[in-house]
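J.: Need coordinates for the following:
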Amino acid sequence: MSLDIVILAAGQGTRMRSALPKVLHPVADKPMLGHVIATARSLQPSSIQVVIGHGADTVRERLAAADLNFVIQAEQLGTGHAVAQALPQLGADTVLILYGDVPLIESATLERLLALVSDDQLGLLTVELADPTGYGRIVRDDNGVVQAIVEHKDANDAQRAIREGNTGILAVPGKRLGDWLGRLSNSNAQGEYYLTDVIAMAVADGLIVATEQAADEMEVLGANDRIQLAQLERHYQQRAARRLMAQGVTLRDPQRFDLRGEVTVGRDVLIDVNVILEGRVVIEDDVQIGPNCVIRDSVLRKGAIVKANSHLEGAEMGEGADCGPFARLRPGTRLGARAHVGNFVELKNAVLGEGAKAGHLSYLGDAEIGARSNIGAGTITCNYDGANKFRTVMGEDVFIGSNSALVAPVNLGDRATTGAGSVVTSDVPADTLAVGRAKQRNIEGWKRPQKQR
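T.: Purely as a prediction, here's the structure:
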């Protein structure tokens, strides 16, 4: 059975108090609408129609893709009117209506809903609420059969006592939708064309309104203000934490963990508090990540250790390698197996060979450092002349004395050594000591300056 999906994303979101269209506000660093689109794609529909209005150009620019068709709703005249804008693009057996500000809806829930749809039956997603204020109420007859949805502002006292609320998510036979939308009226408290009025029409036409419920209330919650947005963020993170723990990850405190992208994990992984994973992160078996680390678009091989307060972006750590605390691995950095990067060391577009060490207070940019080489504290590679970048290449077992400056382009052969405090501007052959510093002078009788009164 073919499927078209319509995502309603035209609202302004005035309560957000923001110039950004509501559906672009992020949950886990991804626009709410982006989450909904990803879920829609997982259902493998024939088409995805995104109805946009406020900030339409911005929404289209941020999320444009070959499999999306954007439809303009020039005037926001209600949900029924919004779906009607997409009607000329629809031709599938089933049409599923989703909302761009309901980012936590899960594909498994929607699959159960879609299974209800047939020529004489539509599917409605509802939710039981302790406080259904603001939700449309599901009105059933004495036999429990759905008769209609009444919006909160139009409901009487008896209807407002109903706790079963409408999520707005609806799956209908495609061949019926055009007729129902054409018969909608705006004679209600809001003066809008409600999509929910389709339910009463379907009942009048002899169709059965079958319902499915979301097990988790938060799954169908929308975000109308920053408070609700924060609630969605926390729930998303708790859900992500549970999934990781089910895969064998130990989270020292699941409440203090943030996933803002996609992560693949192995077994026996330990993640301490306040760790943020962004982009695409791969974490293999036995990896340990200390507190307060940010890891983005990086790969941590088996047994790697990231110590506290380290920042990794576009980096790869080899098996058994370690970095930190307070290390920064920038894009293009690769640590070989058992390589060591210590505190306040920054690497950018640098390769540290197997067993190589950079223990303290160094900057290594555009560098290739051979196996077992040792970089002394305070070493920098001078890779930029103000216009162009140059590379420093070291062989194996090189020893760089503390506070050395290696002025690229420069090559150091296997087992080369530099004296502490040297400025190295020329290549150093293998098995050679390079000393590039001024001769020391001791000045006798020198008087320190005194503070003037």
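
J.: what about residue 246, distance to residue 179?
T.: 46 Å (CB to CB, to the nearest Å). (C-beta placed from N, C-alpha, C; glycine too.)

J.: tell me which strands and helices the one helix or strand in the chain whose mean pLDDT sits lowest is in contact with?
T.: The helix or strand of the chain with the poorest confidence is strand 146-150; it has a mean of 87 (mean pLDDT, DSSP states H and E). On a contact count with 3 or more CB pairs under 8 Å, 6 or more residues apart in numbering; DSSP states H and E, strand 146-150 meets strand 137-140, helix 197-204.

J.: buried residues in that strand?
T.: In terms of neighbour count (16 or more other CB atoms under 10 Å), strand 146-150 has its buried residues at 146, 148, 149, 150.

J.: shaky segments in the stretch 301-450 of the chain?
T.: Residue ranges of the stretch 301-450 of the chain with pLDDT under 70: none are present.

J.: now the helices for it?
T.: With helices called from DSSP state H, counting those that start in this stretch, the stretch 301-450 of the chain shows none.

J.: nearest to residue 80, of the buried residues of strand 146-150?
T.: Set against residue 80, the nearest of the buried residues of strand 146-150 by CB to CB is residue 149 (11.9 Å).

J.: hang on, the earlier thing: can I get the helices and strands packed on strand 146-150 in CSV with mean pLDDT?
T.: Below are the helices and strands packed on strand 146-150 laid out as CSV (pLDDT from 0 to 100):
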stretch, mean pLDDT
strand 137-140, 92
helix 197-204, 90
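
J.: what about residue 246 and residue 179, which has more around it?
T.: Each of residue 246 and residue 179 has its neighbours counted (other CB atoms under 10 Å); residue 179 has more, 11 against 8.

J.: is it fair to say the more buried one lies in a strand?
T.: No. Counting by DSSP: H, G, I helix; E, B strand; the rest coil, one finds residue 179 to be helix, located in no strand.

J.: Which element is encountered next along the chain beyond the lengthiest helix in the chain?
T.: Across the chain, the longest stretch assigned as helix under DSSP state H is helix 226-246. On the C-terminal side of helix 226-246, the nearest following helix or strand under DSSP states H and E is strand 249-251.

J.: Give me the packing partners of that following strand, helices and strands only.
T.: helix 226-246, strand 269-271.

J.: wait, which of the helices and strands packed on strand 146-150 is closest to residue 88?
T.: helix 197-204 (18.1 Å).

J.: Tell me the buried residues in the closest one?
T.: Counting neighbours by 16+ other CB under 10 Å, helix 197-204 gives 197, 198, 199, 200, 201, 202, 203 as buried.

J.: Now do the same for residue 40: helix, strand or coil?
T.: With three-state DSSP as the criterion, residue 40 reads helix.

J.: and it, how many residues sit next to it?
T.: With other CB under 10 Å as criterion, residue 40 counts 25.

J.: quick one: it from residue 7, how far?
T.: For residue 40, the distance to residue 7 equals 6 Å [CB to CB].

J.: Also residue 261?
T.: Taking CB to CB, one finds residue 261 at 22 Å from residue 7.

J.: So for those two, which sits in the more crowded spot?
T.: Set residue 261 next to residue 7 and count neighbours by other CB under 10 Å: residue 7 wins out with 27 against 17.

J.: Does the more buried one touch residue 50 like I think?
T.: Yes. Using CB atoms under 8 Å, residue 7 is in contact with residue 50, at 4.9 Å.

J.: hmm, back to that, from the chain's centre, how far out does the least confident helix or strand of the chain sit?
T.: Strand 146-150 sits 38 Å away from the centroid of its parent chain (CA atoms, centre = their mean, to the nearest Å).

J.: Then stretch 134-145?
T.: 37 Å.

J.: and what of stretch 260-278?
T.: 13 Å.

J.: Just the buried positions in stretch 114-124, please.
T.: Going by 16+ other CB under 10 Å, stretch 114-124 has these buried residues: 114, 116, 117, 122, 123, 124.

J.: what's the answer for stretch 180-188, then?
T.: 180, 181, 184, 188.

J.: Flag the least confident of those residues.
T.: Taken together, the buried residues of stretch 180-188 show their lowest pLDDT at residue 188, with 81.

J.: I'd guessed that one sits against residue 154; true?
T.: Yes. With contact defined as CB under 8 Å, residue 188 reaches residue 154; the gap is 5.5 Å.

J.: ok, back up a step: could you dump the longest helix of the chain to PDB, C-alpha only?
T.: The C-alpha trace of helix 226-246 is given here as PDB (Å, rounded to 0.1, in the frame of the first residue of the first chain):
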ATOM      1  CA  ARG A 226      11.000  27.500  25.400                       C
ATOM      2  CA  ILE A 227       9.800  25.600  28.500                       C
ATOM      3  CA  GLN A 228       8.200  22.900  26.400                       C
ATOM      4  CA  LEU A 229      11.200  22.800  24.200                       C
ATOM      5  CA  ALA A 230      13.400  22.200  27.200                       C
ATOM      6  CA  GLN A 231      11.100  19.400  28.300                       C
ATOM      7  CA  LEU A 232      11.400  17.700  24.900                       C
ATOM      8  CA  GLU A 233      15.200  18.100  25.000                       C
ATOM      9  CA  ARG A 234      15.500  16.400  28.400                       C
ATOM     10  CA  HIS A 235      13.100  13.600  27.400                       C
ATOM     11  CA  TYR A 236      15.100  13.000  24.200                       C
ATOM     12  CA  GLN A 237      18.300  12.800  26.200                       C
ATOM     13  CA  GLN A 238      16.800  10.400  28.700                       C
ATOM     14  CA  ARG A 239      15.600   8.200  25.900                       C
ATOM     15  CA  ALA A 240      19.000   8.200  24.200                       C
ATOM     16  CA  ALA A 241      20.600   7.400  27.600                       C
ATOM     17  CA  ARG A 242      18.400   4.300  28.100                       C
ATOM     18  CA  ARG A 243      19.200   3.100  24.600                       C
ATOM     19  CA  LEU A 244      22.900   3.300  25.200                       C
ATOM     20  CA  MET A 245      22.700   1.600  28.500                       C
ATOM     21  CA  ALA A 246      20.800  -1.200  26.900                       C
END
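
J.: can you list contacts of it?
T.: Residues outside helix 226-246 that contact it (CB atoms under 8 Å, 6 or more residues apart in numbering): 16-17, 25, 27-28, 32, 103-104, 218, 221-223, 251, 254-255, 257-259, 263, 265, 271.

J.: Could you pull out the strands in the stretch 51-200 of the chain for me?
T.: Using DSSP state E, counting those that start in this stretch, the strands of the stretch 51-200 of the chain run over 68-72, 94-99, 121-128, 137-140, 146-150, 164-173.

J.: again, but for the stretch 351-453 of the chain
T.: Using DSSP E, counting those that start in this stretch, strands in the stretch 351-453 of the chain cover 351-352, 357-360, 363-365, 367-369, 374-375, 380-382, 392-394, 399-400, 405-407, 410-412, 417-418, 423-424, 433-434.

J.: can you redo the ones you listed as TSV with mean neighbour count?
T.: Shown next, in TSV, are the strands of the stretch 351-453 of the chain (neighbours: other CB atoms under 10 Å):
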stretch	mean neighbour count
strand 351-352	26
strand 357-360	20
strand 363-365	23
strand 367-369	24
strand 374-375	24
strand 380-382	22
strand 392-394	23
strand 399-400	23
strand 405-407	20
strand 410-412	21
strand 417-418	22
strand 423-424	20
strand 433-434	17
